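Colleague: Have a look at this prediction, sequence included:
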Protein chains: 2
Amino acid sequence: MRIGELARRTGVPVPTIKYYTREGLLPPGKRTCPNQVRYAESHARRLKLIRAMLEVGGMSVSAVRDVLAQVDSPSRTVHGMLGVAQAAVSRTAAERGTEEERERAEQDAAALARRHGWAVKPENPGWAALVQLIVAYRDLDRDDLLVLLDEYAAAAGRLAEAELAIVARVPTVDGKVEAVVLGTVLGDAAMSALRRVAQESVSSRLAGSAGHPE
Amino acid sequence: MRIGELARRTGVPVPTIKYYTREGLLPPGKRTCPNQVRYAESHARRLKLIRAMLEVGGMSVSAVRDVLAQVDSPSRTVHGMLGVAQAAVSRTAAERGTEEERERAEQDAAALARRHGWAVKPENPGWAALVQLIVAYRDLDRDDLLVLLDEYAAAAGRLAEAELAIVARVPTVDGKVEAVVLGTVLGDAAMSALRRVAQESVSSRLAGSAGHPE
């Protein structure tokens, strides 16, 4: 198809398609004669994936480029893809607190992982974020909120099993790799969205049943 | 205490404290004589809260300012605080898809809310994000991933109950308001972090047991 048709099919304007091509997110079309470039079905699919990562996942163009480079790599594996996708959607956690506070928080994080039967590499981007969070809760004397980490961990464990079971059922490697990317990028957005909806609903019920403004 | 002592106690450098004061995040100290400004315990606590929102929650300075204005408002309520905190940590979801696709996604989202017994206002920032997500999954023909929304929703519901039960146990309104802010801002960060750790752990087990690189 020509670029106009690609734009119509995907809802991505022509200048944006050209921009993604210049930025290396979208492979160029095939030049069939001096003035004509042809795009394939795979371009339409790739454009939809790019939009989902940018608009729904809130990723930067360079983070999308990193993920797509791995998606297209011949040596990709499902487990390797997960690491790349996780790194792309994670902010770097700043080191917080004194060395002593960080050490104590690391021990708490390790105990939490043991309680949930997890084997984690310290370079997992979630690990540094978790340690930083524990330091922050303690810094604010909110040990009461630390208790919630076990609830979050139990939920995260159940969700990881459900997510990876779906990936396992996808028949092709291409499909598995895409499912891992979408599960990581869109899964975070889905969880945040549903937490807001659930919190409002529960809070509104509690405010109503309290019989006074809460 | 003087500004140097405040910096030492909180780990926030003096120029940063001055910057937060100029930006209206931190109330100014009390001028005791022409060259001396005194800070109270409440300044130290406020600084720690600001750092947690900026560094751990990844919020912008203006988003932190919005939240703190509500924290300091005499008419604040726990339920109102939740709405302000949620809005501050949410990106605006772009409208995606055709009108027909959005309508179908809204119906799916409403059915999901009904299945989980939720009463939601359409202006909840999570609602628009959820509709946008459903459009994105469909656009990519990944109806298999839509199934996960019920798992996410069940987890989000359980977590909201646990979070608000903790808020209810906090004795003072000041403490409740702070717990809502931290629960919203840091809760998202905690859930993302723990999801990465859990996913790596489950994926690594599956890759190992498959007996071939996965």
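Modeller: Right, received. Where do you want to start?
Colleague: how far away is the residue nearest the centre of chain A from A:Arg142?
Modeller: With distances taken as Cα atoms, centre = their mean, A:Val185 lies nearest the centre of chain A, 2.8 Å away. The spacing between A:Val185 and A:Arg142, counted by Cβ to Cβ, to the nearest Å, is 30 Å. From N, CA and C alone the C-beta is placed, and that goes for glycine too.
Colleague: Repeat that for A:His79.
Modeller: A:His79 is 35 Å from A:Arg142, where distance means Cβ to Cβ.
Colleague: between those two, which one's more packed in?
Modeller: Neighbours per residue (other Cβ atoms under 10 Å in any protein chain shown) separate A:His79 from A:Arg142, with A:Arg142 holding more: 22 against 18.
Colleague: From the structure, what's the count of residues near the closest residue to that one other than its chain neighbours?
Modeller: Nearest non-adjacent residue to A:Arg142, counting by Cβ to Cβ, 6 or more residues apart in numbering or on different chains: B:Leu182, 6.1 Å away. By the measure other Cβ under 10 Å, the count of residues near B:Leu182 is 22.
Colleague: Check A:Thr10 too.
Modeller: Neighbour count for A:Thr10, taken as other Cβ under 10 Å: 20.
Colleague: now A:Leu82
Modeller: When counting by other Cβ under 10 Å, one arrives at 25 neighbours for A:Leu82.
Colleague: I am assuming it contacts B:Glu200, so please confirm or correct that.
Modeller: Yes: when contacts are counted by Cβ atoms under 8 Å, A:Leu82 is listed as touching B:Glu200 (6.8 Å).
Colleague: mind listing what A:Leu159 touches?
Modeller: Contacts for A:Leu159 (Cβ atoms under 8 Å, 6 or more residues apart in numbering or on different chains) come out as A:Gly187, A:Met191, B:Leu148, B:Glu151, B:Tyr152, B:Ala155, B:Arg195, B:Ala198.
Colleague: Give me the buried positions along the helix or strand that contains A:Asp150.
Modeller: Using DSSP states H and E, A:Asp150 falls within helix A:148-169. Neighbour-count burial for helix A:148-169 flags A:148-149, A:151-157, A:159-160, A:162-164, A:166-167 (criterion: 16 or more other Cβ atoms under 10 Å in any protein chain shown).
Colleague: swap in stretch A:33-51?
Modeller: Across stretch A:33-51, burial judged by 16+ other Cβ under 10 Å covers A:Tyr39, A:His43, A:Ala44, A:Arg46, A:Leu47, A:Lys48, A:Leu49, A:Ile50, A:Arg51.
Colleague: what's the domain layout of chain A?
Modeller: Domains of chain A are assigned by automatic domain parsing as A:3-56, A:89-210.
Colleague: can you redo these as CSV with distance to B:Arg205 and mean pLDDT?
Modeller: What follows is the domains of chain A, written out as CSV (distance: least, Cβ to Cβ, whole Å; pLDDT from 0 to 100):
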stretch, distance to B:Arg205, mean pLDDT
domain A:3-56, 27, 92
domain A:89-210, 8, 89
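Colleague: between the ones you listed, which gets nearest to B:Lys176?
Modeller: Among the domains of chain A, domain A:89-210 comes nearest to B:Lys176, with 11.2 Å by Cβ to Cβ.
Colleague: A:Val61 touches A:Leu54, doesn't it?
Modeller: Yes: here A:Val61 reaches A:Leu54: they are 7.2 Å apart, a contact under Cβ under 8 Å.
Colleague: Any residue of stretch A:83-97 touching chain B?
Modeller: Yes: counting by Cβ under 8 Å from any Cβ of the partner chain, chain B is contacted by stretch A:83-97 at A:Gly83, A:Gln86, A:Ser90, A:Arg91, A:Ala93, A:Ala94, A:Arg96, A:Gly97.
Colleague: residues in contact with the fifth one?
Modeller: If a contact means Cβ under 8 Å, 6+ apart, then A:Ala93 has A:Pro125, A:Ala128, A:Ala129, A:Val131, A:Gln132, B:Val56 as its contacts.
Colleague: my read is it is in a helix, agree?
Modeller: No: per DSSP: H, G, I helix; E, B strand; the rest coil, A:Ala93 lies outside any helix segment and is coil.
Colleague: next one: phi and psi at it?
Modeller: The phi and psi values for A:Ala93, taken as degrees, to the nearest 10, are phi -80, psi 120.
Colleague: now swap in A:Arg31 and tell me
Modeller: Note on A:Arg31: its backbone torsions stand at phi -80, psi 120 [degrees, to the nearest 10].
Colleague: Bridged to it, which residues?
Modeller: A:Val37 (DSSP bridges).
Colleague: Test my guess that it contacts A:Tyr39.
Modeller: No: using Cβ under 8 Å, A:Arg31 is not in contact with A:Tyr39; the gap is 11.1 Å.
Colleague: can you give me the strands in chain A?
Modeller: According to DSSP state E, chain A carries its strands in the segments A:30-33, A:36-38.
Colleague: Buried members of the residues of stretch A:83-97 next to chain B into PyMOL, please.
Modeller: Only the buried members of those enter the following PyMOL selection, criterion being 16+ other Cβ under 10 Å:
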select buried, chain A and resi 83+86+90+93+96+97
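Colleague: Which one of the residues of stretch A:83-97 next to chain B is nearest to B:Ala136?
Modeller: Among the residues of stretch A:83-97 next to chain B, and counting by Cβ to Cβ, the member closest to B:Ala136 is A:Gln86, at 19.3 Å.
Colleague: Any chance of a markdown table for the buried residues of stretch A:33-51, columns distance to A:Arg102?
Modeller: Shown next, in a markdown table, are the buried residues of stretch A:33-51 (distance: Cβ to Cβ, whole Å):
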| residue | distance to A:Arg102 |
| --- | --- |
| A:Tyr39 | 51 |
| A:His43 | 47 |
| A:Ala44 | 48 |
| A:Arg46 | 42 |
| A:Leu47 | 43 |
| A:Lys48 | 42 |
| A:Leu49 | 38 |
| A:Ile50 | 38 |
| A:Arg51 | 39 |
